[in-house]
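A.B. asks: Model the following, please.
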Amino acid sequence: MQENATAQGSEGAGSRTILLVLFGGVFLGALDIAIVGPALPAIESEFALSSRQSAAIFSVYILFALLSAPLLASLSDRRGRRSVFVACLLLFGAGSLIVALASSIEVLLAGRAIQAIGAGGTLPVASAVVADTFPVERRGRALGLIGAVFGLAFVLGPLVGAFFLQWSWRWLFVVNLPLVVILVALAAMLLEDRGARAVAGFDWAGTALLALGLATLAIGAGRLDYGADNLLGIGRASVVAFAVAACFLYAFWKIEQRAADPVVRPDLLHSLQMRIICVLGLATGLVEASMVFLPTLAVSALAVSPSRASFMLLPLVAALIAGSIVAGATLDRVGAKPVILGGMGLTILGLLLFSLLQLGTASFYTAGITVGFGLAALLGAPLRYAALEEGGEANRGASQGLLTVCLSVGRLFGASVTGGIAAGAANAVLGYRRAMLVIAIAAIIALISSLRLKGR
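C.D. replies: Take a look at the predicted model:
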């Protein structure tokens, strides 16, 4: 009896260490989105960049993370979780080193792209490892802790950035290197190469078409241009980009149906449940991206300074972190559907508060906290939990990669829609409130679709 208790305690300690390694890997990738913000003025000064040029430092990272997520997640189903997770960390470390040593903006952007390729794979692969490692009754709690990473990175990123900027912006990337070495050593020792199976050969054609389709889709989203005479925001450039993207993605879909070992398994989307999860992922990404504009809304509506406006996001972030942990624990008791329905309902309520209430400090905080708890019940564990259940053991990585793509596409369009509607309105406050209302309507559509999710 005592030996059995000791064995269970040892197993619990081992799974906690694995969770810490996964948390660390995902955290590094998330942190390098938020940490670069404080460094932009120094980078612009050193390389003589315009604001538009420096924006590429963000967009390159987001785009390549989007492209890599489904590929690396699917690869983990073929080659094993440990091998791919370690490769993700090594790519992230190599990219960090290139950025730290960059002598030109071109080299810096190349380093950011390599960083993002590694970072894009960490979250879906880590989610698949959780499903491999933890029993069903503890899986939601573990996914909830990993989901809280992004809220924590959002809070710590500017603080860590400001600390290392005392010496040089390059230290923001140098500091990644020892952490990567530690995580690689621990991952190599602790993780198993579960998911590895015999394969017929890598799907190069599908990979290329998926990458081209997502890249042109991102370009089209970036070209949306709203105004009084163009409420949909679709101009000639965006039409061309979307048409090209549709061609690439259609060709990708046809090839995947014939591929011996496809990058994205078509049978995943044959499932109604997985299609609903994808719709929920798109809507969640839309909402998440719109929250980036809240400091600008606070400056315009409440006449506060930009620095204070940034701190006014802290209650939302605190709700996101706490809510992710609570949502994960609740999943283990009631399943995904009730948590997703509650989270989407809270998210819609928060968006409506932003768009319809007379904005003051109290209403701004109330709406932000409401959206924070709502997003926590979507971003952290519930959607990933549902995708893992629907994908099955053989497609755990692929299901997480597909969900990550939907979230990322939602973020791309969310940023474009919110910024574009705000720019086309008579004043910024009216524009942002209209954008929140449009995104609330999209979230309502997703909520209606989620009613058809199956119960536990």
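A.B. asks: So residue 91 is in contact with residue 113, correct?
C.D. replies: No: the pair residue 91 / residue 113 is not scored as a contact, 10.1 Å apart, by C-beta atoms under 8 Å. For every residue, glycine as well, the C-beta is placed using N, CA and C.
A.B. asks: more crowded one of these two?
C.D. replies: residue 91 (22 against 19; other C-beta atoms under 10 Å).
A.B. asks: Now that one: closest residue in space that isn't a chain neighbour?
C.D. replies: Using C-beta to C-beta, 6 or more residues apart in numbering and skipping the chain neighbours, the partner closest in space to residue 91 is residue 118 (3.2 Å).
A.B. asks: which element is that neighbour on?
C.D. replies: Per DSSP states H and E: residue 118 is located in helix 105-133.
A.B. asks: residues near residue 109, how many?
C.D. replies: Residue 109 is flanked by 20 other residues according to other C-beta under 10 Å.
A.B. asks: Once you drop chain neighbours, what's closest to it?
C.D. replies: Spatial nearest neighbour of residue 109, chain neighbours left out: residue 60 (5.2 Å); criterion: C-beta to C-beta, 6+ apart.
A.B. asks: And the helix or strand where that neighbour lies, what does it pack against?
C.D. replies: Counting by DSSP H and E, the element that carries residue 60 is helix 51-79. Helix 51-79 sits against helix 2-34, helix 40-47, helix 81-101, helix 105-133, helix 204-222, helix 396-424, with contacts defined as 3 or more C-beta pairs under 8 Å, 6 or more residues apart in numbering; DSSP states H and E.
A.B. asks: buried stuff in the host helix or strand of residue 177?
C.D. replies: Using DSSP H and E, residue 177 sits in helix 176-190. Within helix 176-190, the residues that qualify as buried are 176, 179, 180, 183, 184, 186, 187, 190, counting by 16 or more other C-beta atoms under 10 Å.
A.B. asks: ditto for stretch 273-289
C.D. replies: 273-274, 276-289.
A.B. asks: One more: stretch 338-356?
C.D. replies: Using 16+ other C-beta under 10 Å as the test for burial, stretch 338-356 gives 338-355.
A.B. asks: which strands and helices sit next to the strand or helix carrying residue 325?
C.D. replies: Element membership for residue 325, per DSSP H and E: helix 314-334. The contact analysis (3+ C-beta pairs under 8 Å, 6+ apart) places helix 314-334 against helix 136-147, helix 149-164, helix 336-356, helix 361-375, helix 382-391.
A.B. asks: Okay, buried residues for stretch 58-66 please.
C.D. replies: If you call a residue buried by 16+ other C-beta under 10 Å, then stretch 58-66 has these buried ones: 60, 61, 62, 63, 64, 65, 66.
A.B. asks: swap that for stretch 119-137, please
C.D. replies: Buried residues in stretch 119-137, counted by 16+ other C-beta under 10 Å: 119-134.
A.B. asks: Relative to residue 243, how far out is residue 61?
C.D. replies: Note on residue 61: its distance to residue 243, by C-beta to C-beta, to the nearest Å, is 27 Å.
A.B. asks: what does residue 388 give?
C.D. replies: Following C-beta to C-beta, the distance that separates residue 388 from residue 243 is 35 Å.
A.B. asks: Have a look at these two and say which one is more surrounded.
C.D. replies: Neighbour count, other C-beta under 10 Å: between residue 388 and residue 243, residue 388 has more, with 26 against 12.
A.B. asks: which one is the more buried one nearest to, not counting chain neighbours?
C.D. replies: Looking at residue 388 with C-beta to C-beta, 6+ apart, the closest residue is residue 131, at 4.7 Å.
A.B. asks: same deal with residue 319?
C.D. replies: Spatial nearest neighbour of residue 319, chain neighbours left out: residue 372 (3.0 Å); criterion: C-beta to C-beta, 6+ apart.
A.B. asks: what's the burial count for that neighbour?
C.D. replies: Close neighbours of residue 372, defined as other C-beta under 10 Å, add up to 26.
A.B. asks: what's it in contact with, if anything?
C.D. replies: Contact partners of residue 372, counting by C-beta atoms under 8 Å, 6 or more residues apart in numbering, are 315, 316, 317, 318, 319, 320, 323, 350.
A.B. asks: what's the distance between residue 283 and residue 337?
C.D. replies: For residue 283 relative to residue 337 (C-beta to C-beta), the value is 16 Å.
A.B. asks: Perfect, that will be all.
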